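In: below is the sequence, then the predicted model.
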Amino acid sequence: MTDLSLVTEAASTAATIALTRQLIACRSVTPEDGGCQNLIAARLERLGFRIEHLRFGNVDNLWARLGSEAPLLCFAGHTDVVPTGPLDQWHSDPFVPTVRDGVLYGRGAADMKTSLAAFVTAIERYLTANPKPRGSIALLITSDEEGVAVDGTTKVVETLRARGESLDYCIVGEPTSVDRLGDMIKNGRRGSLSGDLLIRGIQGHIAYPHLARNPIHQALPALTELAQSVWDDGNEYFQPTSFQFSNVHGGTGANNVIPGDLRLLFNVRFSPESTADGIKAGVHAVLDRHRLDYTLQWSLSGQPFITPRGRLVQAVNAAIEAECGYVPALSTTGGTSDGRFIATLCREVIELGPVNESIHKLDEHVLLADIEPLSRIYEGTLRGLLG
């Protein structure tokens, strides 16, 4: 490597870390953006990107695009972070980026401000070397991923669909790595279906059960059946569908009162081998068979999606192998992400970001040594897809 190349490489590394620190310093607890999107937009505008600030409700969104030709590669992510938790239990201010022993600490360091910074510097380096890419580049950034996710990516996707824009490839910067950078990418996610179940009984004195109807006693056989039901066996990419009760409440708090109702919350994470409608029908069939008096409200927060081993997966695999020396595992485990919205508009969606061990925890952090390699992986993917 020439002296000039060394200088360029050092400057790039410093730029990625510097931007990561700037973003961490923005107090962007969901749904606040805290100025992050303006920082990113300013960098992209200098590269010739067309910038659109799309605000829905109290949520800031950024859509930035360079070029009009296909294919379109989009980098997607969020600037909002989860609340810090007890400040006195952090070893440094969560919004003052702090380096200790080669580790960068701060809220959002792993989820996902490092990825956002790496997006930007990867694009900057790529366009310096390839000022006329064979295709287009875009960024879709929201401040409503860690919250209710109503006025963020899903609204931007609706806007793009309404005006006839579609994406060919999308990389979501979620922290997917497990033990080392790039050891896992998400090439799909399970669907998520929630239920709010109210089972009605008749309240009464505990000493006179014949004058009451205990909804807990009535519900137990049905709840056991639901908990033990096998919905599907999964497939090559997906674990079997999982049904889990998450909250149960019944009674007044007194030990001598039979409760008048029982309320339960549950969630089903389902593979493409099942459907939301099929799961709903199955749950109702169990409840009806046990002759329960109930009401059930459903909430579908995401359909499952999968990106097979196509051009995007191949390009990401090649970029990770070139940078890290190994090929990542493909996985669809974990929770939902904004990829579920983007997949309705984009045929190939994957998630790739830093190690996720510290996300949402006190002292969230990322290794300094991982920041620039992540940027180079994104840059390598750009080269692999756009030349």
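Out: Perfect, I can see it now. Everything numeric in this text was worked out from a predicted model, so none of it was measured.
In: C-alpha only now, for contacts and for neighbours.
Out: Noted.
In: name the helix or strand of the protein that has the lowest mean pLDDT.
Out: The helix or strand of the chain with the lowest confidence, counting by mean pLDDT, DSSP states H and E, is helix 3-25 at a mean of 72.
In: so after that one, what's the next helix or strand?
Out: Using DSSP states H and E, the next helix or strand after helix 3-25 towards the C-terminus is helix 36-46.
In: for A343, what are phi and psi?
Out: phi -60, psi -20 (degrees, to the nearest 10).
In: mind listing what the closest residue in space to F49 that isn't next to it in sequence touches?
Out: In this structure, F49 finds its nearest non-sequential neighbour in L66, 4.5 Å apart by CA to CA, 6 or more residues apart in numbering. Neighbour list for L66: G48, F49, R50, S136, I137, A138 [criterion: CA atoms under 8 Å, 6 or more residues apart in numbering].
In: which of these ranks first by neighbour count?
Out: In terms of neighbours by other CA atoms under 10 Å, the contacts of L66 top out with I137 at 25 neighbours.
In: for H365, see how far away it is.
Out: Note on I137: its distance to H365, by CA to CA, to the nearest Å, is 29 Å.
In: backbone dihedrals for the residue nearest to F49, please?
Out: Dihedral pair for L66: phi -120, psi 120, per degrees, to the nearest 10.
In: tell me which residues form a beta bridge with it?
Out: Residues in a beta bridge with L66, per DSSP bridges, are I137.
In: pass me the low-pLDDT residue ranges in this protein, would you?
Out: 1-13 (pLDDT under 70).
In: now do the contacts for the residue nearest to the spatial centre of the chain.
Out: Taking CA atoms, centre = their mean, the centroid of the chain lies closest to S337, which sits 2.5 Å from it. Residues near S337 by CA under 8 Å, 6+ apart: E145, E174, R189.
In: of those, closest to T381?
Out: Ranked by distance to T381 (CA to CA), those are led by E174 at 16.0 Å.
In: you'd agree the closest one is up against F75?
Out: No - using CA atoms under 8 Å, E174 makes no contact with F75, being 10.8 Å away.
In: any idea how far H360 is from the closest residue to V29 other than its chain neighbours?
Out: Leaving aside its sequence neighbours, V29 sits nearest to V81 (CA to CA, 6+ apart; 4.8 Å). Counting by CA to CA, the separation of V81 from H360 is 8 Å.
In: tell me, what's touching these two both at once?
Out: Common contacts of V81 and H360, defined by CA under 8 Å, 6+ apart, comprise R107, D111.
In: which of these two has more residues huddled nearby?
Out: Each of V81 and H360 has its neighbours counted (other CA under 10 Å); V81 has more, 27 against 17.
In: how much space between that one and Q203?
Out: V81 sits 44 Å away from Q203, going by CA to CA.
In: and for L362?
Out: The gap separating L362 from Q203 is 44 Å, by CA to CA.
In: so where does S274 fall, helix or strand?
Out: Short version: S274 belongs to no helix or strand, going by DSSP H and E.
In: my read: G380 touches Q314, true?
Out: No - using CA under 8 Å, G380 makes no contact with Q314, being 11.4 Å away.
In: who has more neighbours out of these two?
Out: Set G380 next to Q314 and count neighbours by other CA under 10 Å: G380 wins out with 23 against 14.
In: tell me the contacts of the spatially closest residue to that one that is not a sequence neighbour?
Out: The spatially closest residue to G380, leaving aside those adjacent along the chain, is A319, at 4.9 Å (CA to CA, 6+ apart). Neighbouring residues of A319 by CA under 8 Å, 6+ apart: R376, I377, Y378, G380, T381, G384.
In: and the last one, its phi and psi?
Out: Just to be clear, that refers to G384. According to degrees, to the nearest 10, G384 has phi -70, psi -30.
In: the spatially closest residue to it that is not a sequence neighbour: helix or strand, and which one exactly?
Out: Distances taken as CA to CA, 6+ apart place A315 nearest to G384, at 5.3 Å, with adjacent residues excluded. Assigning secondary structure by DSSP H and E places A315 in helix 311-324.
In: and that helix, how far out from the chain's middle?
Out: On the basis of CA atoms, centre = their mean, to the nearest Å, helix 311-324 sits 21 Å off its chain's mean C-alpha point.
In: mind listing what's buried in the helix or strand just after it?
Out: Next helix or strand after helix 311-324 toward the C-terminus (DSSP H and E): strand 329-331. Buried residues in strand 329-331, defined by neighbour count with 16 or more other CA atoms under 10 Å: L330, S331.
In: by contact count, what packs against strand 329-331?
Out: Strand 329-331 sits against strand 184-186, with contacts defined as 3 or more CA pairs under 8 Å, 6 or more residues apart in numbering; DSSP states H and E.
In: ok, now which ones touch E348?
Out: Contacts of E348 by CA under 8 Å, 6+ apart are D168, Y169, C170, T307, P308, G310, L312.
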